[in-house]
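Peer 1: Predicted model and sequence below, questions to follow.
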Amino acid sequence: MCNFLRNSTFILNYNQLGNKFMKLKNNIIALLFILVSYLGTSQEGLPIYTDYLTDNYYLIHPSMAGIANCSKLRITGRQQWFGQDDAPKLLTMSVNGRIGDSPSAIGAILFADENGYHSQKGAYFTYAHHLLFSRSEVDLNMLSFGLSAGFIQYQLDETTFLFDGPDPIVEGIVQNETNFNIDFGFSYHYLDFYAHGTIKNVLKNAGVNNDIEITSNLTRYLLSLGNVFSKFGSTWSYEPSVMFQYKDGTKESTIDLNAKVYKQMDFGKVWGGLSYRQSLDGAEYLTSSNSVNSQKLQQLSPILGVNYNNFMFAYNYTYQTNSVVFTSGGFHQLTLGYNFNCRRERYECNCPAVN
């Protein structure tokens, strides 16, 4: 539009202006759809991406604290939309392990999440307990419970907001609010099969948007199922899994379909996988021809990782396959891990999260 205005020799007729306006309006609506989908998640605690597949189930299921034969330290960094100012990014650090030889375990999670003008910082502390039902530790049959409690500091920077005149919503300051919340969940492992269920954000948090009722209900329900398959004596194993999540406040639901493959090496493991995330709820938007279309969130994430002795390194890249996106660039994530206080592998099973 600026080029048109600067060119005084160019004459716009009414139809051309109308067409330009309609295209601009449709683009703005599509952009708002994308921004709202991300800003809607900017105040819900620790975001849930595919980082749990990088040997990091404890990030989303508190019952997984201390379930492995090693204590685990995991650090993740995620950057979205390279080249865009104020693009979303996330840093997490988690540690968990058993309390001596007891069936109890503890863990902690620190995270910092930035999304444009919104940001979150949080700390969670976890207690988990593991009940072994099998007669010995050879056959894995275990039920686990976990409870996480922590604080989340929400921040909204309004110092650069532009507005004409007084506005009761925009104060032009950096708003801060700290809330307390808890997560609760269970895990069940039987031989090579596992199931996890978790309720996140059990308590209502108003955050900095305490005038908007819908943001106070951040409760999310997670259900994960999976199994590891391998032939006897083979160095290869395969792990299909699925995760379903449901947001109580917005009535949105998504499903992750995952597949991983492991290759046992002399120094550890090499593994890779693919995750597909599909929203079960669509959103409508206007096209350039002024027709109404609907689309659902679709994400594809390849994953590569290696376990070298007690160290772990993983990389995953998330690509959005929707027709309407903010940018064609994907989301990059790195995970670094270290295992310590390791004991012998206790169970005769293909269970990489436990053994």
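Peer 2: Alright, I've got the coordinates.

Peer 1: Mind pulling up the pLDDT for residue 111?
Peer 2: We have a pLDDT of 95 for residue 111.

Peer 1: now it: how far from residue 92?
Peer 2: The gap separating residue 111 from residue 92 is 4 Å, by CB to CB, to the nearest Å. For glycine as for every other residue, the C-beta is placed from the backbone atoms N, C-alpha and C.

Peer 1: And residue 282, by the same measure?
Peer 2: Look at residue 282 and residue 92: by CB to CB, they are 30 Å apart.

Peer 1: and what of residue 247?
Peer 2: To residue 92, residue 247 is 20 Å away according to CB to CB.

Peer 1: What are the boundaries of the helices in this protein?
Peer 2: Secondary structure of the chain (DSSP state H): helices at 2-6, 14-39.

Peer 1: pLDDT weak spots in the stretch 201-350 of the chain?
Peer 2: For the stretch 201-350 of the chain, the stretches with pLDDT under 70 are 206-215, 283-288, 292, 323-329.

Peer 1: And the strands in it, which stretches?
Peer 2: With strands called from DSSP state E, counting those that start in this stretch, the stretch 201-350 of the chain shows them at 220-227, 236-247, 252-264, 268-279, 283-286, 292-295, 298-308, 311-320, 331-340.

Peer 1: what's the answer for the stretch 1-150 of the chain, then?
Peer 2: In the stretch 1-150 of the chain, the strands defined using DSSP E, counting those that start in this stretch lie at 71-80, 89-98, 104-115, 118-132, 141-157.

Peer 1: Please identify which of these is closest to residue 322.
Peer 2: In terms of CB to CB, the element of the strands of the stretch 1-150 of the chain nearest to residue 322 is strand 71-80, at 14.3 Å.

Peer 1: May I have the closest one exported as PDB, CA atoms only?
Peer 2: Below are the C-alpha coordinates for strand 71-80, written out as PDB (Å, rounded to 0.1, in the frame of the first residue of the first chain):
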ATOM      1  CA  SER A  71      19.100 -40.700  37.900                       C
ATOM      2  CA  LYS A  72      18.600 -38.400  34.900                       C
ATOM      3  CA  LEU A  73      19.500 -34.800  34.100                       C
ATOM      4  CA  ARG A  74      17.900 -33.400  30.900                       C
ATOM      5  CA  ILE A  75      18.300 -29.900  29.400                       C
ATOM      6  CA  THR A  76      16.300 -28.800  26.400                       C
ATOM      7  CA  GLY A  77      16.300 -25.700  24.200                       C
ATOM      8  CA  ARG A  78      13.600 -25.000  21.600                       C
ATOM      9  CA  GLN A  79      13.600 -22.100  19.100                       C
ATOM     10  CA  GLN A  80      10.700 -21.400  16.700                       C
END
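
Peer 1: hang on, residue 137 packs against residue 348?
Peer 2: No - using CB atoms under 8 Å as the test, residue 137 is too far from residue 348 to be in contact (9.2 Å).

Peer 1: Tell me, how many residues neighbour the residue lying closest to residue 257 once chain neighbours are set aside?
Peer 2: Counting by CB to CB, 6 or more residues apart in numbering, residue 257 lies nearest to residue 276, which is 4.8 Å off, once chain neighbours are set aside. By the criterion of other CB atoms under 10 Å, residue 276 has 15 neighbours.

Peer 1: on that earlier part again, export the strands of the stretch 201-350 of the chain to CSV and tack on distance to residue 101?
Peer 2: Converted to CSV, the strands of the stretch 201-350 of the chain look like this (distance: least, CB to CB, whole Å):
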stretch, distance to residue 101
strand 220-227, 28
strand 236-247, 28
strand 252-264, 27
strand 268-279, 25
strand 283-286, 51
strand 292-295, 52
strand 298-308, 24
strand 311-320, 24
strand 331-340, 16
